[in-house]
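A.B. asks: dropping a prediction and its sequence here:
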Amino acid sequence: MNTKKLNLKSIVRNIGRSGSILAVSGLLLTASTSYATWQPLARSGQKIGFNVVMGKKANQLVNVTVPGFHLQKKMVDGKTYTVVRVPDFPGVTDKGNPDVPRLSTNLLIPNGQVPSMKVVSTDYVDIPLEHPLLSSKGHFTRDINPETVPYTFSDTYQKDEFYPNKVLAEVSEPFTMHNVQGVNANFNFFQYNPVKQVLRVYKNVTLSMENSVPEAGQRATATKVPSFLASTLSRSFINFGLMQKPLDLHVADESGSMLVICYDDFTEAAKPWVDWKKKSGIPVKFVKMSEVGSTAEDIKNYVQEEFDKGGLSFLHLIGDVDQIPTLRGTVERAHSDQSYGLLAGDDWFLDIVVSRFSAQTAEKVALQVDKAVKYESAPDYGDAAAWYKKGIGIASNEGNPKDWDYADTIREGLMAFTYDEIDQIYDPNANASMVTEAINDGRSVINYIGHGSKTSWVTSRFNTGHIAELSNGRMLPYIWSVACVNGAFAGWGESFAEAWLNAGTLENQQGAVAVAAASTNMQWVPPLYWQAETNLVLLTNGTSRTFGGLSLGGMSKIAEKYGATSRSFKMFVEQTNNFGDGSIKVRYDAPNAVEVEEAKFANGKVSIKVGSPAGADLGALTVTVYNSDMSVLHTAKTDTRGVATFDVAADGELFTTVTGTNLIPVVDRKIDGQSIKRESKFDKLHK
């Protein structure tokens, strides 16, 4: 990892005093319990505080406060050790070394600048520990039971010095997310001296990030951020609000364009989905694989050329891996569609959403097409829509904390959002019948955490055979799977993830509408940050809730926590593929009905007025206007009154479609030269 390092000796001054001694042995728990206790260093709160302000000399001033930490006892081979944890942050996770917390965050910078970090002031406290600090087991994958991995202790435990002892703050080399640049800042504010058995905690530090704002008189080039990335950027960078104006960042109204590469024989089967994507406001360039080439390198070069033209947000592949080849990852040679999305900068941040209809026949492509189109264009409503507010959590009884503990956290967050019911299908009692019964009853999301195989979830033993026997019809969930090899779609028969998408027929649908799953073995902890960010942050607070956009945003959380060049981040990006339509807007609530109250076309101008019988928000809906063969296609967003206007130069009939998140869309409404009053009865919208 290439980093700009700051030696501890470069500290300029301290706040108040250089440090203090805090005796906490009296606060430790008794040996009979393993529950953690909070050790406060500030008056209130348990979250790490980040505050960024603009400096006076092309710099940003970053203040970090540590309000406290959790302290816990753990018995290992008959000996008592101390465990230190900070909410929302992992440990350093360096095998055999003291497992001190790793604090980090991402910061926006001007394109082309390479910042450095300088300490302005510090305040720390030295804390004698009653018992030695436990080491880390390091990273390992989910095909391994954590309980079988022994603790080891490196020669660091024999040294009379603080670990890590080289740097207090470091920033990574700049990385690029689509068209903006940032750095990952790592703060070594927890350090441990194993000989003296002292924990040092820097509880208040101010740093200056030099060369991190535009120079005086330098005007930034206006940059449009694609809508699928807007929520991710605002959540991933703690200084997004501060730097948005200096960097002249704007969120694009449109979703960005899509490149579709399709196996030649599947062109007709794919057409209804391509047409729907256009009607829903996404410009699509459709090409046959024969026009691109024959190899994965041909695909990558073609995608790169399209990306370099500007505006590309989505890449969708149609065909099995034998028909549309995939790339191989650099970390473990994982089969990796996602690697097609690494297009800007020399880093592992995805720049576009990549997804695939992985099917071997035109019939199965047509099935996946129909699932995706109907999911967006013809949702259930009224009493039949109750399933959108139900989900499933499936989790193992392994790990520390247990996987079901993480699943419960997601469950609580979703139920505080829009969900009424989240099943708790947890080991040791989970079984396939529980999963089948819940899915057949209708569930909109499934979160899995546990062991996996190429054909099953080990927790519950639910497998491809059970998928084939489902009867959930068009109540199709989307799935986030934290498990090994559920998405092993190459060099093997039909994978578990593919089986979900290929299940059923056009007449009798079943299975799922989208799945994110790994082609190789996932690590234990880092993927949990992806899953939590996707469910609890981007879904609940985001503005563009596409399946692939949610997944991409969740991946950036792993980079934030473990480092932009960490093996964990690279590995996860390369192995985790999107099966199904990555641009699909996921549903998490009963949809709202809208109607086109008025459509006028006169003197080259089209005006569309959208209304809602239920009083739904009418702003920022996507309205498209097009002719019968879609050679004319225009897209706009409604204003707060529900009005969208277009300049259209076309002869013949025109049509309009209105879409939005959790909406019952208006599809193919005809426009003529006179004002057309539309039917206002809800059920008339779906004759």
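C.D. replies: Great, that's in hand.
A.B. asks: can you check the pLDDT for the closest residue to V354 other than its chain neighbours?
C.D. replies: Distances taken as Cβ to Cβ, 6 or more residues apart in numbering put G341 closest to V354, at 4.3 Å, once the chain neighbours are dropped. Placement of C-beta: from N, CA and C, glycine included. If you check G341, the pLDDT there is 98.
A.B. asks: any idea how far G341 lies from L229?
C.D. replies: For G341, the distance to L229 (Cβ to Cβ, to the nearest Å) stands at 12 Å.
A.B. asks: quick check: neighbours shared by the two?
C.D. replies: L552 (Cβ atoms under 8 Å, 6 or more residues apart in numbering).
A.B. asks: so which residue is dead centre in the chain?
C.D. replies: The centre of the chain sits closest to G554, judged by Cα atoms, centre = their mean, with a distance of 2.1 Å.
A.B. asks: so it makes contact with L528?
C.D. replies: No. Using Cβ atoms under 8 Å, G554 is not in contact with L528; the gap is 10.1 Å.
A.B. asks: rewinding a little: next, give phi and psi for the residue nearest to V354.
C.D. replies: G341 adopts backbone torsions of phi -90, psi 0, taken as degrees, to the nearest 10.
A.B. asks: same check on E297?
C.D. replies: Backbone phi and psi, for E297 under degrees, to the nearest 10, turn out to be phi -70, psi -40.
A.B. asks: residue contacts, it?
C.D. replies: Taking Cβ under 8 Å, 6+ apart, one finds nothing in contact with E297.
A.B. asks: quick one: stretch 146-153 to chain centroid distance?
C.D. replies: 30 Å (Cα atoms, centre = their mean, to the nearest Å).
A.B. asks: with stretch 360-370 instead?
C.D. replies: 27 Å.
A.B. asks: just to revisit the earlier point, was I right about the residue nearest to V354 contacting F314?
C.D. replies: No. Using Cβ under 8 Å, G341 makes no contact with F314, being 9.4 Å away.
A.B. asks: so what's in contact with these two at the same time?
C.D. replies: 352-354.
A.B. asks: looking at these, which are in strands?
C.D. replies: 353-354 (DSSP state E).
A.B. asks: out of the shared contacts of G341 and F314, flag the one nearest to V623.
C.D. replies: V353 (22.5 Å; Cβ to Cβ).
A.B. asks: below-threshold pLDDT in this protein: ranges please.
C.D. replies: For the chain, the stretches with pLDDT under 70 are 1-34, 216-220, 253-254, 673-687.
A.B. asks: all helices of it, in order?
C.D. replies: Along the chain, counting by DSSP state H, helices occupy 227-236, 240-243, 267-279, 289-292, 296-309, 362-377, 403-415, 432-441, 464-468, 496-502, 526-532, 539-541, 547-562, 567-575.
A.B. asks: of all these, which lies closest to P665?
C.D. replies: So among the helices of the chain, helix 362-377 is nearest, using Cβ to Cβ, at 5.8 Å.
A.B. asks: helices or strands up against that closest one?
C.D. replies: On a contact count with 3 or more Cβ pairs under 8 Å, 6 or more residues apart in numbering; DSSP states H and E, helix 362-377 meets helix 267-279, strand 353-357, helix 496-502, strand 576-580.
A.B. asks: hmm, who's touching the last one?
C.D. replies: Pointing back at strand 576-580 there. Under Cβ under 8 Å, 6+ apart, the answer for strand 576-580 is 335-338, 353-358, 368, 371-372, 478, 487, 489, 497-498, 500-501, 512-519, 522, 527, 530, 547-548, 551, 555.
A.B. asks: swap in the first one?
C.D. replies: Outside helix 267-279, the residues within contact range by Cβ under 8 Å, 6+ apart are 258, 260, 262, 284, 286, 288, 318, 357, 362-363, 365-366, 369-370, 372-373, 376-377, 581, 583, 624, 626, 630, 633, 657, 659, 667-668.
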